[in-house]
Structures are given as C-alpha cells and as structure tokens.
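# fold the following for me, if possible:
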Amino acid sequence: MANPHHRAKHKSYVHHKHVAQQHHQHEHAMVKRAAASASMPLLIAGALAGLLVGYIANKNSLVLLAVACVAGALAGYLFGKSIDSAARKGKKNDRITS
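Coordinates of the predicted model:
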C-alpha cells in the first residue's frame, strides 16, 4: 500500500508549481499587452482626420476624399512608429541604467 503522506506532499508540490506557472504566464501576458504598438490606433485616427479634412475641403470629389484619407492614415502611422521607437529607446536606456 502506498504511503498516504507521500501523496499529500506530492499533491501540494504539484499545486504550488502549477500556481507559480500560472502566475508567471499572467505576468508575461501583461508585459505583452503593455508593449502594444501605438501605430495602429494613430493610423485609424489619422484616416478619420483625413476624411474630415477632405470632406471639409471638397464635398463633391471622392478622389480628394480618398487622397486625404490615405494621407492622414500615412501621417498617423508614421507618427505612431516614431512614438514606438522612442518608447523602445527609453526602455533600452532604463535597462542599461538599472
């Protein structure tokens, strides 16, 4: 017959290991969420701003509206990328000084 005390110790060890692993996975997921890119939301905001400017500038031309939308989206994307690169540089500098 198996020793019941050994089984209790094993279950406790496995439980603590499982909880620690879940905690580690949760921390890793939070870091990924925090590192989200700023380029996509700014691309959408730029496209909407471009549509608004294009609509105000000329209500009858769909070509001008499309060009303004694309220009606004491109400007928003590039602005978001510059924010992302500045944030990455800041994180690198924090790691070096820490």
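# okay, and the closest residue to Cys69 other than its chain neighbours sits in which element?
In space, and not counting its chain neighbours, Cys69 is closest to Gly50: 4.5 Å by C-beta to C-beta, 6 or more residues apart in numbering. C-betas here are computed from N, CA, C, even on glycine. Under the criterion DSSP states H and E, the helix or strand holding Gly50 is helix 39-57.
# wait, Asp84 touches Ser39, no?
Yes - A contact is recorded between Asp84 and Ser39 when judged using C-beta atoms under 8 Å, the distance being 6.1 Å.
# returning to what we had before: got the CA coordinates for the helix holding Gly50 in CSV?
Backbone C-alpha positions of helix 39-57 (Å, rounded to 0.1, in the frame of the first residue of the first chain) are rendered in CSV as follows:
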residue,chain,number,x,y,z
SER,A,39,0.9,52.9,-34.8
MET,A,40,-2.4,51.2,-35.4
PRO,A,41,-4.7,53.4,-33.3
LEU,A,42,-2.9,56.5,-34.7
LEU,A,43,-3.3,55.1,-38.3
ILE,A,44,-7.1,54.9,-37.7
ALA,A,45,-7.2,58.4,-36.1
GLY,A,46,-5.2,59.8,-39.0
ALA,A,47,-7.5,58.3,-41.5
LEU,A,48,-10.6,59.7,-39.8
ALA,A,49,-8.9,63.1,-39.5
GLY,A,50,-8.0,62.9,-43.2
LEU,A,51,-11.6,62.0,-44.1
LEU,A,52,-12.8,65.0,-42.1
VAL,A,53,-10.3,67.4,-43.7
GLY,A,54,-11.1,66.0,-47.2
TYR,A,55,-14.9,66.4,-46.6
ILE,A,56,-14.5,70.0,-45.4
ALA,A,57,-12.1,70.9,-48.2
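# what is that helix packed up against?
Applying 3 or more C-beta pairs under 8 Å, 6 or more residues apart in numbering; DSSP states H and E, one finds that helix 39-57 contacts helix 62-97.
# buried ones in the helix it packs on?
Counting neighbours by 16 or more other C-beta atoms under 10 Å, one finds that the buried residues in helix 62-97 are Leu65, Ala68, Cys69, Ala71, Gly72, Ala73, Ala75, Gly76, Tyr77, Phe79, Gly80, Asp84.
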